[in-house]
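A.B. asks: Show me the folded form of this:
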Amino acid sequence: MSDAVSALNGATYNGFVTVTELGLRGMITLRGDLSSAGVKNAAIGVTGVDMPGQRQVHTVKESGLAWMSPDELLVMTPYAEVGDKLAQIDKLLKGKHYLAVNVSDARAMFRIEGAGVREVMAKLCPVDMAPDAFTPGVFRRTRMAQIPAAIWMPSDDAVQIICFRSVADYAFGLLKDAAEPGSEVGLFA
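C.D. replies: Here you go, the predicted model:
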């Protein structure tokens, strides 16, 4: 069996923000009744973070929970722990109506860092990136140019992006173009 590799092997670009493909990341899609104690306890139990509200994300290092839809969470965990976390979810939810699937190898994750992150994302996504509208902890599923993506700000000067692995090179190219030195617009300066 071959060793797992990320979509772009940790590629980095330094423009007016830094764009980095974050390598292998563990991701589990968990579908079920998000208001049920069982689903909440399973999600919190495997990640150690609080349950997010609608359009919210809670993360600590590589672990986290993101609200994807009224019946879906994205469970984030270190890549090496996905199998154990999935088994733990299955054990905690045995006999309940749910779906938990390892989607780690079908996704890519990027991080952009620097003072211009809001501007880069505003160029690419139909999301209000103003500081009073998009704050750390807010989570959006949206489009980034021609591809679906999910975005959130872990801090005021960083954005994390999840997209399908099959379009990771395209996503990296979009982010690089939007972060090209000299292309700053100064909208959020």
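A.B. asks: which residues of the protein fall in helices?
C.D. replies: Along the chain, the stretches classed as helices by DSSP state H are 37-47, 82-92, 117-124, 168-178.
A.B. asks: What residues sit buried inside the first one?
C.D. replies: Applying a neighbour-count criterion of 16 or more other C-beta atoms under 10 Å, one finds Gly38, Val39, Lys40, Ala42, Ala43, Val46, Thr47 buried in helix 37-47. C-beta: built from backbone N, CA, C; applies to glycine.
A.B. asks: Would you point to the one among the helices of the chain that's packed deepest?
C.D. replies: Mean neighbours per residue, mean count of other C-beta atoms under 10 Å, is largest over the helices of the chain for helix 117-124, with a mean of 22.
A.B. asks: average pLDDT for that one?
C.D. replies: Average pLDDT, helix 117-124: 98.
A.B. asks: now stretch 4-13
C.D. replies: 96.
A.B. asks: Ok, stretch 138-154 next?
C.D. replies: 98.
A.B. asks: buried sites along stretch 120-138?
C.D. replies: Buried residues in stretch 120-138 (16+ other C-beta under 10 Å): Val120, Met121, Ala122, Lys123, Leu124, Cys125, Val127, Met129, Phe134.
A.B. asks: Please tell me how far the residue nearest to Asp33 when sequence neighbours are not counted sits from Gly45.
C.D. replies: Excluding the flanking residues, the one nearest Asp33 by C-beta to C-beta, 6 or more residues apart in numbering is Val39, at 5.9 Å. Applying C-beta to C-beta, to the nearest Å, the value for Val39 to Gly45 is 11 Å.
A.B. asks: how about the most centrally placed residue in the chain, what does it touch?
C.D. replies: Centroid-nearest residue in the chain, with C-alpha atoms, centre = their mean: Ile162, separated by 4.3 Å. Residues in contact with Ile162 (C-beta atoms under 8 Å, 6 or more residues apart in numbering) are Met27, Leu74, Arg107, Ala108, Met109, Ala149, Ala150, Ile151.
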